[in-house]
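**Student:** next one to model:
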Amino acid sequence: MASRLIFAVAVLAFAASACAAGPGPAEQVTAGPVQASGSAAASDPLARLRRPWVTAPLRPGEPCPVTTESRSPDPAFGPVLGGGPVGPVGLDPGGVLRYSVPESGQGWGDWDWGWQKVMWAVDPAVTTPVLVRGRRLDSPGEVGFDDPVVRELVLDPERDAAPGGWRDHPSATRVRAPGCYAYQADTDRGSFAIVFRAVGPVMTPAPG
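**Tutor:** Predicted structure coming up:
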């Protein structure tokens, strides 16, 4: 319980001090809504959002198509990376995520994942849950969120509701190795990809 409280305080403190992202062409891919079957929707309310990946893995030697477009729709926080209704705040200019090793003595549950605070901004026009996932594009690899690490991040408009303006959801992105990665935000309005480059140490997986 203490570890969750410490982590929550750490990510909430980030909401007011996210880093800026540089301007440039967007690398955003969208796909239209997909309807889930009745049985799937009943057993898993996120099934309708769990669409196929819209960003393909890279071929050997292919450069990382980093998303560089950003905008500042709300003065309450820094630039939002990407051009969709959902995007991360806190990456360095040029779509770079600089992650680090979890600090000792801070009660982390998953020590074998690097981390960086990333706030998610959601357009107030999006009134239904948003599913955020990620994966590595230039090699096998995963993206996780928060601590303990989860593979899917759900942004709930009810929980994050605020009077007017864009909603913010403090979180942390977790990766184990530097490389080219993509977030995918799935909403009722479509799917939006944000490609970024992770920079940091190679993390050693804990013995299974």
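**Student:** just the pLDDT for the closest residue to residue 139 other than its chain neighbours.
**Tutor:** Spatial nearest neighbour of residue 139, chain neighbours left out: residue 179 (5.9 Å); criterion: C-beta to C-beta, 6 or more residues apart in numbering. Where you see a C-beta, it was placed from the backbone N, CA and C, and this is true even at glycine. Per-residue pLDDT puts residue 179 at 98.
**Student:** how about the strands in this protein?
**Tutor:** Using DSSP state E, the strands of the chain run over 30-31, 70-71, 80-81, 86-89, 96-98, 114-122, 130-136, 144-145, 153-155, 167-175, 179-187, 190-199.
**Student:** hey, which of those is tucked in deepest?
**Tutor:** Of all the strands of the chain, strand 80-81 has the most neighbours on average by mean count of other C-beta atoms under 10 Å, namely a mean of 30.
**Student:** elements contacting that one?
**Tutor:** For strand 80-81, the elements it packs on are strand 70-71, strand 86-89, judged by 3 or more C-beta pairs under 8 Å, 6 or more residues apart in numbering; DSSP states H and E.
**Student:** so which of these gets nearest residue 129?
**Tutor:** Nearest to residue 129, of all the helices and strands packed on strand 80-81, is strand 86-89, at 10.9 Å by C-beta to C-beta.
**Student:** and the closest one, how far from the chain's centre?
**Tutor:** Taking C-alpha atoms, centre = their mean, to the nearest Å, the mean C-alpha location of strand 86-89 is offset from the chain mean by 7 Å.
**Student:** I figured residue 181 hits residue 136, correct?
**Tutor:** Yes. The criterion here is C-beta atoms under 8 Å, and residue 181 meets it with residue 136 at 5.2 Å.
**Student:** how far away is the residue nearest to residue 119 when sequence neighbours are not counted from residue 76?
**Tutor:** Closest residue to residue 119 in three dimensions, ignoring its sequence neighbours and counting by C-beta to C-beta, 6+ apart: residue 89, at 4.4 Å. Residue 89 sits 10 Å away from residue 76, going by C-beta to C-beta, to the nearest Å.
**Student:** about what we covered before: weakest of the strands of the chain by average pLDDT?
**Tutor:** When the strands of the chain are compared on mean pLDDT, strand 30-31 scores lowest, with a mean of 51.
**Student:** residue 71 bridge partners, please.
**Tutor:** When bridges are called by DSSP bridges, residue 71 pairs up with residue 80.
**Student:** ok, it touching residue 83?
**Tutor:** Yes. Using C-beta under 8 Å, residue 71 is in contact with residue 83, at 7.1 Å.
**Student:** which stretch among the strands of the chain comes nearest residue 62?
**Tutor:** Relative to residue 62, the nearest member of the strands of the chain by C-beta to C-beta is strand 179-187, separated by 8.9 Å.
**Student:** next, the angle strand 190-199 makes with the closest one.
**Tutor:** Put simply, strand 179-187 runs at 160 degrees to strand 190-199, going by axes from the mean of the first three to the mean of the last three C-alpha atoms, to 10 degrees.
**Student:** can you list the strands that strand 179-187 pairs with?
**Tutor:** Strand 179-187 has the following strand partners under DSSP bridges: strand 130-136 (antiparallel), strand 190-199 (antiparallel).
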